[in-house]
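> 3D, please:
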Amino acid sequence: MSTISDFGMTVRRSSDLSKHAAEVFAEADDHPVQVTRRDGEPLVLMSQREADARAQLLQLAAQLITLSLDDDESLEVGMTKLFPWMLALSPADQAECAKNVVDAARASFSTGQAHLAVAELTSWRETATALAAGLSSEPVDWLDEIESVERP
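Residues are numbered from 1 along each chain as shown. You can find the predicted model right below:
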């Protein structure tokens, strides 16, 4: 058994799949497994979660590439049209969000780890949602002394 180190993919023979199915499936739960065959092209076995993350990353890549080709507006403006939740962020945070998402997408592509870009985008979306709900980083005033209240 060898490992394709660029993307953490383990290589297994098709006979391993039939003889040690539980072991191969456990590996595929953790990372994609390439199954080689004598009679055809190798196949890749991966979890649905991994396949969904890769599809989501490709969709994000297509959207970012489309935005980068537009010379009429900045990346932040284009991203606020693509992701309207970004409008809940300040202009400075919109710019930081755009940069962080692009950087995370680049890291995802270069490492084969789709979750990096997805997690960054999700983190910013959750921040925008919290800000829109009125939560902020303003300090909270806490009571210094215990207050007694009547029982309802």
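> switch to C-alpha atoms for all contacts and neighbour counts from now on
OK.
> what distance separates stretch 44-57 from the centre of its chain?
11 Å (CA atoms, centre = their mean, to the nearest Å).
> quick one: the strands in this structure?
Assigned strands in the chain, in chain order: 2-4, 9-13, 33-36, 43-45 (criterion: DSSP state E).
> With distance to residue 133, mean pLDDT and mean neighbour count as extra columns, can I get those strands in CSV?
Formatted as CSV, the entries for the strands of the chain read as follows, by distance: least, CA to CA, whole Å; pLDDT from 0 to 100; neighbours: other CA atoms under 10 Å:
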stretch, distance to residue 133, mean pLDDT, mean neighbour count
strand 2-4, 45, 39, 11
strand 9-13, 42, 89, 19
strand 33-36, 43, 94, 20
strand 43-45, 41, 93, 16
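> Tell me which residues of stretch 13-32 come out buried.
The neighbour-count check on stretch 13-32 (16 or more other CA atoms under 10 Å) flags 14, 24, 25, 27, 28, 29, 31, 32 as buried.
> and what of stretch 97-109?
Neighbour counts over stretch 97-109 (16+ other CA under 10 Å) mark 97, 98, 100, 101, 102, 104, 105, 106, 107, 108, 109 as buried.
> Skipping its backbone neighbours, what lies nearest the residue nearest the centre of the chain in space?
A centroid search over the chain (CA atoms, centre = their mean) returns residue 118, at 1.5 Å, as the residue closest to the centre. With CA to CA, 6 or more residues apart in numbering as the measure, residue 57 is the residue that lies nearest to residue 118, at 6.9 Å, once sequence neighbours are left out.
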